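Visitor: fold the following and give me the result.
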Amino acid sequence: FRYIRLDEYPEIPVDLDSFRAIVVHSDLRRTGYFVCGDAKINQLYHNIIWGQKSNYLDIPTDCPQRDERLGWTGDAQIFCRTAAINFDVEKFFRKWMRDLCDNQHALGGFPGVAPLGQYGNEPMRIGWADVGVITPYQVWKQFGDTRIIDENWESMNLFLNHIYETKYNHESLVAENGNYQWADWLSYEPLETCGGLHSVNGKILPEAISYWNYLSSSYWVIDATYMADMAEATGRDRAQYDKIAADGKEYIMKNFLNADGTFKTAILNTMQTPALFALKNKLVDGKAKEDMIARLRQNFADHGNCL
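Guide: Take a look at the predicted model:
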């Protein structure tokens, strides 16, 4: 919720009863609650609830305190599972998916914001474009209602086919993505885009291109896996989507990972996100998996046990 600042207010001391704050957000029924014995964690959860209220006004924005107030799709897909635990957001997201699909690119890519805004409209930005598959999946898993799948099936299918045909390759999609990726936005890791670590003198580093293509192929696997599950849930044939997911895993293993579970692009071995995606997609097993987990734990320790 918002704070206000008073400049040159005529009454000293300030009478807080002179002000009335009105909370405005979509009318969502609270469904999730959490409390524990740690006051700081309870306060964190309280802040999360208020953050969701403040950002869920007809569309899922990423921050309500500035004039931007855009429906950033990456933020929406990352948070939608938590959102669905905290509040009954099924109808909210069924409506917003119409906004998203109304602005889907003719080739299948979803934009970075929905509805379209003053910026962020580019399709096929990794993690943002994938909202078109991830949101219906998460809402279906939480509420058990397959309508959101059926309502968006054609749009999801078009997007996944575009991924499959282009291998979600950054350079192949420059005409759509504008030769830029938000990627692991605002992370504290190498190759981070907002801080300019992905380029030198305006030229994108080869390591950054490799990283982006690894992230996109990781989402390729996630999207296809979700589509397979949604196909089965709605009486469709899941076999073609299982194949697309399997082909995505094979593509990653061939182009980005060594047999011992290390990444071919050396700098990725110093980072957390690449390993987390590999573990999520079950790309490594045996000793390779054990070694990757060990490197990841060491990375946590080297950064004060923080992500």
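Visitor: what are the ranges of the helices in the stretch 1-150 of the chain?
Guide: Taking DSSP state H, counting those that start in this stretch to define them, one finds helices in the stretch 1-150 of the chain at 39-55, 73-86, 90-102, 131-143, 147-166.
Visitor: mind checking the longest helix of the chain?
Guide: helix 206-233 (DSSP state H).
Visitor: which strands and helices lie in contact with it?
Guide: helix 131-143, helix 147-166, helix 239-255, helix 273-280 (3 or more CB pairs under 8 Å, 6 or more residues apart in numbering; DSSP states H and E). Where you see a C-beta, it was placed from the backbone N, CA and C, and this is true even at glycine.
Visitor: export these to CSV and tack on mean pLDDT?
Guide: Output for the helices and strands packed on helix 206-233, formatted as CSV (pLDDT from 0 to 100):
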stretch, mean pLDDT
helix 131-143, 98
helix 147-166, 98
helix 239-255, 98
helix 273-280, 98
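Visitor: most tightly packed of those?
Guide: Comparing the helices and strands packed on helix 206-233 by mean neighbour count (mean count of other CB atoms under 10 Å), helix 131-143 ranks first with a mean of 23.
Visitor: what's next to it, contact-wise?
Guide: Identification of contacts with helix 131-143 by CB atoms under 8 Å, 6 or more residues apart in numbering yields 73-74, 76-77, 80-81, 84-85, 88-90, 93-94, 96-97, 100-101, 104, 110, 114, 145-146, 148-149, 152, 155-156, 159-160, 222-223, 226-227, 229-230, 233.
Visitor: again, but for stretch 58-74
Guide: Residues outside stretch 58-74 that contact it (CB under 8 Å, 6+ apart): 2, 26, 54-55, 57, 75-76, 79-80, 83, 92-93, 95-96, 99-100, 110-115, 117-120, 125, 127-129, 131, 182, 185.
Visitor: what distance separates the start and the end of that stretch?
Guide: 17 Å (CA to CA, to the nearest Å).
Visitor: list the buried ones in it?
Guide: 59-62, 64, 70-74 (16 or more other CB atoms under 10 Å).
Visitor: same check, this time on stretch 51-58
Guide: 51-56.
Visitor: also stretch 163-176?
Guide: 163-164, 166-170, 173, 176.
Visitor: gap between the two ends of it?
Guide: 12 Å.
Visitor: from the chain's centroid, how far away is that stretch?
Guide: 18 Å (CA atoms, centre = their mean, to the nearest Å).
Visitor: next: stretch 111-123.
Guide: 15 Å.
Visitor: equivalent analysis for stretch 199-217, please.
Guide: Chain-centre distance of stretch 199-217: 19 Å, with CA atoms, centre = their mean.
Visitor: hmm, back to that, how about the helices and strands packed on helix 206-233 in CSV, adding distance to Asp291?
Guide: Putting the helices and strands packed on helix 206-233 into CSV (distance: least, CB to CB, whole Å) gives the following:
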stretch, distance to Asp291
helix 131-143, 29
helix 147-166, 30
helix 239-255, 16
helix 273-280, 10
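Visitor: quick one, which of these gets closest to Pro10.
Guide: helix 131-143 (48.0 Å; CB to CB).
Visitor: now do the closest one: distance to the chain's middle.
Guide: Its chain's average C-alpha position is 12 Å from that of helix 131-143, according to CA atoms, centre = their mean.
Visitor: where does the prediction get shaky in this structure?
Guide: Across the chain, the ranges flagged by pLDDT under 70 are 1-2.
Visitor: and with 80 instead?
Guide: Within the chain, the segments meeting pLDDT under 80 span 1-4, 11, 65.
Visitor: separate out the buried members of the contacts of helix 131-143.
Guide: Neighbour-count burial (16+ other CB under 10 Å) applied to the contacts of helix 131-143 gives 73-74, 76-77, 80, 84, 89-90, 93-94, 96-97, 100-101, 104, 110, 114, 148-149, 152, 155-156, 159-160, 222-223, 226-227, 229-230, 233.
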